[in-house]
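**Q** Generate a structure from the sequence data that follows.
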Amino acid sequence: QVQLVESGGGLVQAGGSLRLSCVASGRAFSDYAVAWFRQAPGKVREFVSLLSWSGNADYADSVKGRFTISRDNAKNTVYLQMNTLKPEDTAVYYCGARRGRPYLDGKEYDYWGQGTQVTVSS
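**A** Here you go, the predicted model:
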């Protein structure tokens, strides 16, 4: 079992930055794929970024060039650096993890955190 806890969300003005963290506990997850998803009010959860255990990353087109995903396996932590934030980035951000390869579909992830709210004001 893996437990995930996100943090780092908050209120920021458009153009600002935030760094989200997702700390895993229960077992080392260096061989897990991890991903960030987000869900805005009234919308379905959408893919933001993923990172394989080997370090291959992918991003949604809407965040490409602004967000960077990374991981520190020694700390069992995944980060999402978010720069040049826009009001449309406002959502609850969730991290997910699964053993093996990463997927764009959130249904493929076995473990989820409780989410952290990101609000970007215009």
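**Q** Could you use CA atoms for every contact and neighbour count after this?
**A** Noted.
**Q** now the residue nearest to V34 when sequence neighbours are not counted, what's its secondary structure?
**A** Closest residue in space to V34, ignoring its immediate chain neighbours: A97 at 4.4 Å, by Cα to Cα, 6 or more residues apart in numbering. Assigned with DSSP: H, G, I helix; E, B strand; the rest coil, A97 falls in the strand class.
**Q** Which per-residue confidence value corresponds to the residue most central in space within the chain?
**A** In the chain, the residue lying closest to the centroid (Cα atoms, centre = their mean) is W36, at 2.5 Å. Note on W36: pLDDT of 98.
**Q** repeat for the one 4 residues further on
**A** The model reports A40 with a pLDDT of 96.
**Q** which residues touch it?
**A** T90, A91, V92 (Cα atoms under 8 Å, 6 or more residues apart in numbering).
**Q** export those residues to JSON lines and tack on distance to F67, pLDDT and secondary structure?
**A** Converted to JSON lines, the contacts of A40 look like this (distance: Cα to Cα, whole Å; pLDDT from 0 to 100; DSSP: H, G, I helix; E, B strand; the rest coil):
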{"residue": "T90", "distance to F67": "14", "pLDDT": "98", "secondary structure": "coil"}
{"residue": "A91", "distance to F67": "15", "pLDDT": "98", "secondary structure": "strand"}
{"residue": "V92", "distance to F67": "15", "pLDDT": "98", "secondary structure": "strand"}
